[in-house]
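> Structure for this input, please:
(chains A and B)
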There are 2 protein chains.
Amino acid sequence: MTDIEIITIGDELLLGQTIDTNSAFIARQLSEIGLIPRFKSSVGDDVEEIENAFKLAIQRAELVVTTGGLGPTDDDNTKKAIVKVFRRRLVLDDKLLEDIRSRYKKRGIEMPLINQNQALIPSGSLTFKNKFGSAVGIGIIEKNSVFIALPGVPTEMKQMVEGEIIPFLKSKNLGRPVKMITLRTTGIFESQLAEIIADRLKLESGVKLAYLPSFSGVDLRVVAHGESEGVANEKAQKLAAFIEKKIARHIYGKDHDTLPSVIGKLLKDYNKTVATAESCTGGQLGEMITSISGSSNYYLGGFVAYSNDVKKAQLAVREETLEKHGAVSEECAFEMAAGCGKILKSDYTLSITGIAGPEGGTEDKPVGTTFIGLSSVHATYARSFNFGVDRETNRARACYAALEMLRREILDIK
Amino acid sequence: MTDIEIITIGDELLLGQTIDTNSAFIARQLSEIGLIPRFKSSVGDDVEEIENAFKLAIQRAELVVTTGGLGPTDDDNTKKAIVKVFRRRLVLDDKLLEDIRSRYKKRGIEMPLINQNQALIPSGSLTFKNKFGSAVGIGIIEKNSVFIALPGVPTEMKQMVEGEIIPFLKSKNLGRPVKMITLRTTGIFESQLAEIIADRLKLESGVKLAYLPSFSGVDLRVVAHGESEGVANEKAQKLAAFIEKKIARHIYGKDHDTLPSVIGKLLKDYNKTVATAESCTGGQLGEMITSISGSSNYYLGGFVAYSNDVKKAQLAVREETLEKHGAVSEECAFEMAAGCGKILKSDYTLSITGIAGPEGGTEDKPVGTTFIGLSSVHATYARSFNFGVDRETNRARACYAALEMLRREILDIK
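Numbers count the residues shown, from 1 in each chain, chains lettered A, B, ... in the order given. Modelled structure (predicted):
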């Protein structure tokens, strides 16, 4: 088994000014060929700190991938650290220098002198091409261990991982057979899921099950290792099938599916349209539905009925309803959905009204109280929810709950 | 000086299925009280791996903050690792159990048995309240070192860091004198800003300036250290003033200001209202405006005019306009803003129509082409933009550009 470490380099990571998306990208790419990282770490730009991180990494891992610190400026110290840790020296690569120069020439710019640094590489190292920038990747192979340093600019790094590093690792036979399946659920708590699933659950060796809760629900992740791709796949499918049987109605999709993408596919398949009437979410439900390219095939549009005047004038919510039950009420959600559906002639119409917070809660209707309406040719109804968290979460959960109501309505899941 | 390590726990981080935003948030919060992390690492859910990570961390750092692994299920191993590393045992906290039970009761659900686990805490540890979930934070203080374990769910963790951990660390006098000021700009490139600012710029010792580009614009981060809070503050203010003088019109806010919060404050101050008519952004602009609590004071609502029928029927966009210029045109943006403003009687009205991509681009109007309209009592006009990136970025940039147009309109910045 190969132990793997990813190291990301940069002061901005330690200060939290930049969220480290590089290590997740590399981890995903490696995982997909069965190389699951065991360690991830970040260090600042200081050359000694980088050295220490590299030393620790090559002690505990056979494959190390780093990003950052390969630029031309003074705070780019990755190559200096490599030279020390691996006892190499920096040598000028004439061909590389020519490449960098011609890269600038193409853009009609003379190469700044400082970029000469980027043609210096550790002696005896491999280089990996960078299509989008002048920092090449560096590879050091010693005995059975592989050390790879990549630039930190995400577009440059990504292109190199996909185009150069993964094929290189495969050619070295470093991959391992693995299969991952993610089952995506919503509208049910992690602990409730766990209780249902745990009953008569037996995990085969090499198989793991993890619960990953988020805004949108709880993802169940199955990871299976095996002697061959076939065996890993079989083990993963078996566990996924066991789980699916138990909680089928809560699973809206697999792997890269999202609720908006699943809803979109259903609406396209059934040739139906949807519209939205939002109050407390202010347009977020529409935003989520239209996050899918091609959503114009089934999403008509809708209303952001934030003020009561808009609710009345645009959606025909009755004055009486607002007076008697308030804007945050089942009755109002009902009338918003019905009104919007009538005006836009949509097959399905979703409405949301609630108290997102942190202000506006009452004893009767605390922060998080939300009513979601659904109108279709079959019926119009509204359901109440209480999410009871912060403004951002309450609004996101309301949108996911609305989409899940729509999914169940379309599929007639009770 | 205190050495600090942040450890995030979870297989999903090593697999790259989740981007680690927690460590960046904690790093930022700690940095703001002068506690700049030296190490960041991630480990999987395996109890031995967590133990090893904890052991290494307490060897090399005096303050360790971890997130993840405090849930109720089998793959939540943080407390098991704490018990081993710090030679404690798990004890049942009756009061905590009662709290968890009543949390479920409030939502009308019986507590699943499995949640009992969450009332087990390492002997002799502090606990930190979790407003939004049933996993409390754990604090272990030994000699001069502090170890803090927090849940991995971002909303829960964030609330605890801000409400509990930072005040706790301050009370222990662990902070160092530092002042950070962030100047937030939008609508201008990083390199343009850098050119303007670099002229006659001299950085005092202990003062750093960083450029942080993102969706919403470029943030300028000033970090100043000093012997005292006063000195640090003075240094930071001096640099911030120097920069502000040079680029005042591009700065929409400071520190925690966001464009929606700044717009909200302006509209409240001027006692004006705003409405929105969105096509390609599908409701995102309304969502952003209403992300601010109290936005009902100035946001009326609006239309998501995704289909042409909705544009015509609801916003009175003329058939002729759509035929002659298309839905993605200056003319359509103009009519959307004018129509929406007339119907909702808003003081200001914003409209957005564009090609978000990845499909739908033409030679004439490539992906990213966007028209933003603004209507007020003074005038109605539309501007064209080309963001030219991916769907998500194009839509987000369009919303920020619309808000910046509004800010400049209100403040009469040409």
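
> contacts, neighbours, all on C-alpha from now
OK.

> Where does the prediction get shaky in chain A?
Across chain A, residues meeting the criterion (pLDDT under 70) sit at A:1.

> which one in it is furthest away from the centre?
If you look at how far each residue of chain A sits from its centre, by C-alpha atoms, centre = their mean, the farthest one is A:Glu320, at 44.4 Å.

> wait, is that residue part of a strand?
No - secondary structure of A:Glu320, determined by DSSP: H, G, I helix; E, B strand; the rest coil: helix, with no strand assignment.

> I'd like to know how far it sits from chain B.
20 Å (C-alpha to the nearest C-alpha, to the nearest Å).

> Close to chain B: what parts of the stretch 201-350 of chain A are there?
The stretch 201-350 of chain A has residues A:210, A:212-214, A:280-291, A:293-294, A:296, A:299-307, A:310, A:344 near chain B, with proximity defined as C-alpha under 8 Å from any C-alpha of the partner chain.

> Out of those residues, which end up buried?
Among these, the ones that count as buried by 16 or more other C-alpha atoms under 10 Å in any protein chain shown are A:210, A:212-213, A:280-291, A:293, A:296, A:299-307, A:310, A:344.

> Just the residues you listed: which are in helices?
A:Gln284, A:Leu285, A:Gly286, A:Glu287, A:Met288, A:Ile289, A:Val310, A:Leu344 (DSSP state H).

> can you list the domains in chain A?
Taking automatic domain parsing as the criterion, chain A consists of the domains A:4-171, A:178-254, A:259-411.

> Deepest-packed of these, please.
Using mean count of other C-alpha atoms under 10 Å in any protein chain shown, the stretch among these with the largest mean neighbour count is domain A:259-411, at a mean of 22.

> before we move on, the earlier item: just send the domains of chain A back as a markdown table, with distance to B:Leu126 too.
Converted to a markdown table, the domains of chain A look like this (distance: least, C-alpha to C-alpha, whole Å):
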| stretch | distance to B:Leu126 |
| --- | --- |
| domain A:4-171 | 26 |
| domain A:178-254 | 25 |
| domain A:259-411 | 24 |
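
> got the residue ranges for the helices in the stretch 51-200 of chain A?
In the stretch 51-200 of chain A, helices defined by DSSP state H, counting those that start in this stretch lie at A:78-85, A:94-106, A:154-160, A:166-171, A:190-198, listed in chain order.

> can you tell me if the last one touches chain B.
Yes - among the residues of helix A:190-198, A:Ser191, A:Gln192, A:Ala194, A:Glu195 lie within reach of chain B under C-alpha under 8 Å from any C-alpha.

> and if you look at the fourth one?
No - remark: helix A:166-171 sits outside contact range of chain B, by C-alpha under 8 Å from any C-alpha, the gap being at least 15.4 Å.

> Residues in contact with that helix: which ones?
Outside of helix A:166-171, the residues within contact range by C-alpha atoms under 8 Å, 6 or more residues apart in numbering or on different chains are A:Gln29, A:Leu30, A:Ile33, A:Gly175.

> Among those, which are located in helices?
Checking the contacts of helix A:166-171 against DSSP H, those in helices are A:Gln29, A:Leu30.
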